[in-house]
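*Asks:* Need a 3D model of the sequence below.
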Amino acid sequence: MKTIFNNFLAACMLIPAMLGAHQPSNSLFGLMEREGAMKLEIELSLDTLEKNTKTENYYPATFRFTDNTGAPQEWDVKVRARGRYRRRVCDFPPLKIDFAKGELQKKGLLPFDDLKLVTHCLDGEKGDDSALREYLAYELYRKLNVRSLRAQLVHVTYIDKNDSRRKTTQYGILLEDVDELAARFDSEECEECYGLPLAQLDPENLRLHALFQYMIGNTDWSVAMSRNMKILKPVNGGPYWVVPYDFDFSGMVNAPYAVPNPDLRQQYVGQRIYMGAEHTNSELEVTAALFKAQKEEILQSVEQFKLLSRRSRKEILEYLGAFFDELETGLVLNRDGLAEKEPLPGKR
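*Replies:* Model prediction:
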């Protein structure tokens with residue numbers, strides 16, 4: 001047990017140094033990053049987008065915001081629908097936004113030119129609720145692991161360029177360019193890492209990632225298939241590491257369109273099933289200790305996220321509370337999950 005504690009203490013001591021070594025860079029995303037929601041306008045042809053959600057074609061748009069120095073910004077960009085599942089079921093598809101590298105260079109910014117926008121998907125309050133829940137999932141992972149995608153909450157007004165009276169405003173999430181994430185940690189994205197042997201991946205990173213996915217009740221991911229994650233490789237050698245995204249099928253987000261994972265015989269969205277690799281009890285205890293140490297901060301982050309309704313915050317707190325109760329029991333996680341639980345309260 002003494003060895004486990006020493007390992008845990010060493011991991012905690014590394015966190016401040018890692019944060020200091022990887023501050024946000026001089027990039028477009030850096031200009032947008034701030035506390036709370038950033039107001040954003042995207043002017044585009046809504047008809048063109050709606051008719052081409054299943055294509056990979058880009059279309060012109062204008063991207064407007066006020067940066068964190070107070071200066072107004074307006075960019076000519078190209079946008080397209082993205083996502084495999086959401087573009088089929090969403091009222092408004094997720095978007096990929098492409099900036100011109102030449103324009104970034106002219107303004108003295110680094111050439112990270114691709115941003116993903118996680119949209120509200122469904123119109124109205126349900127869409128906002130799901131977007132806010134998913135943003136919170138990104139923030140919770142970032143509290144546990146500094147090697148994570150930066151996510152900026154945005155309150156987006158979509159304006160039809162053909163009729164300025166046609167507009168809608170909803171919450172969304174801007175995700176930093178994966179190349180920027182990789183650069184911040186002296187790594188590069190591995191785009192052909194399907195079936196990568198687990199021995200080549202950082203075991204601590206894998207355990208933390210798997211336990212986080214278990215905490216939020218997400219089974220919509222796969223290391224072997226690089227599904228809903230990016231795999232990165234340090235440029236100077238060392239083990240590969242993973243960073244997750246897309247949490248809409250998790251129990252914490254509980255999106256109205258989410259369905260159980262039939263491959264795992266998941267009975268309902270949010271049923272926790274541990275999908276991590278084999279591990280020893282001592283290894284799992286070290287990882288679990290990291291979560292226990294962050295318990296109060298995690299739960300407080302949910303309670304203080306007042307953009308979510310009280311009902312949604314209560315649901316999430318109860319759901320995460322059940323996870324922390326499991327950690328306290330000392331039960332060993334396995335592929336079949338733990339004891340059966342009732343479906344989430346207020347399942348929509």
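
*Asks:* Would you map the helices across the stretch 201-348 of the chain?
*Replies:* Remark: helices assigned in the stretch 201-348 of the chain by DSSP state H, counting those that start in this stretch are 203-216, 281-293, 295-303, 310-329.

*Asks:* Need the winner for burial among those helices.
*Replies:* helix 203-216 (a mean of 21; mean count of other C-beta atoms under 10 Å). Any C-beta I mention is one placed from the backbone N, CA and C, and that applies to glycine too.

*Asks:* Can you name every helix or strand that it contacts?
*Replies:* On a contact count with 3 or more C-beta pairs under 8 Å, 6 or more residues apart in numbering; DSSP states H and E, helix 203-216 meets helix 125-144, strand 241-244, helix 281-293, helix 310-329.

*Asks:* Out of the helices of the stretch 201-348 of the chain, which is closest to Asp160?
*Replies:* When these are compared by C-beta to C-beta, helix 310-329 sits nearest Asp160, at 30.3 Å.

*Asks:* Just the residues contacting the closest one, thanks.
*Replies:* By C-beta atoms under 8 Å, 6 or more residues apart in numbering, the residues outside helix 310-329 that reach it are 129, 132-133, 136, 214-217, 251-252, 254, 270, 272, 288, 291-292, 295, 298-299, 302-303, 305, 308, 338, 341, 344-346.

*Asks:* Between the two ends of stretch 248-268, how far is it?
*Replies:* 14 Å (C-alpha to C-alpha, to the nearest Å).

*Asks:* buried stuff in that stretch?
*Replies:* Across stretch 248-268, burial judged by 16 or more other C-beta atoms under 10 Å covers 248-255, 257-258, 260-261, 266.

*Asks:* can you check stretch 179-187 too?
*Replies:* So for stretch 179-187, counting by 16+ other C-beta under 10 Å, buried means 179-185, 187.

*Asks:* so which of the helices of the stretch 201-348 of the chain gets nearest Phe92?
*Replies:* That would be, of those and by C-beta to C-beta, helix 310-329, which comes in at 20.4 Å.

*Asks:* Quick one: work out the angle between the closest one and helix 281-293.
*Replies:* 140 degrees (axes from the mean of the first three to the mean of the last three C-alpha atoms, to 10 degrees).

*Asks:* from the middle of its chain, how far away would helix 310-329 be?
*Replies:* 19 Å (C-alpha atoms, centre = their mean, to the nearest Å).

*Asks:* Using CSV, write out the CA atom coordinates for that helix.
*Replies:* The C-alpha trace of helix 310-329 is given here as CSV (Å, rounded to 0.1, in the frame of the first residue of the first chain):
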residue,chain,number,x,y,z
ARG,A,310,-31.3,22.6,-11.2
ARG,A,311,-33.0,19.4,-12.3
SER,A,312,-30.2,18.5,-14.7
ARG,A,313,-27.5,19.3,-12.1
LYS,A,314,-29.3,17.1,-9.6
GLU,A,315,-29.5,14.2,-12.1
ILE,A,316,-25.8,14.5,-12.8
LEU,A,317,-24.8,14.8,-9.2
GLU,A,318,-26.8,11.6,-8.3
TYR,A,319,-25.3,9.8,-11.3
LEU,A,320,-21.7,10.7,-10.5
GLY,A,321,-22.3,10.1,-6.8
ALA,A,322,-23.1,6.5,-7.5
PHE,A,323,-19.7,6.2,-9.2
PHE,A,324,-17.9,7.5,-6.3
ASP,A,325,-19.9,5.2,-4.0
GLU,A,326,-18.6,2.3,-6.1
LEU,A,327,-15.0,3.5,-5.7
GLU,A,328,-15.4,3.5,-1.9
THR,A,329,-16.6,-0.1,-1.9
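
*Asks:* what pairs with the lengthiest strand in the chain, and is each one parallel or antiparallel?
*Replies:* Across the chain, the strand with the greatest residue count (assigned by DSSP state E) is strand 163-175. Partners of strand 163-175 in the sheet, by DSSP bridges, are strand 114-118 (antiparallel), strand 151-160 (antiparallel).

*Asks:* Export those strands to CSV and append columns for mean neighbour count and distance to Phe99.
*Replies:* Below are the strands paired with strand 163-175 laid out as CSV (neighbours: other C-beta atoms under 10 Å; distance: least, C-beta to C-beta, whole Å):
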stretch, mean neighbour count, distance to Phe99
strand 114-118, 21, 7
strand 151-160, 20, 15
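
*Asks:* In TSV, list those strands along with distance to Asn26 and mean pLDDT.
*Replies:* Output for the strands paired with strand 163-175, formatted as TSV (distance: least, C-beta to C-beta, whole Å; pLDDT from 0 to 100):
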stretch	distance to Asn26	mean pLDDT
strand 114-118	16	98
strand 151-160	16	98
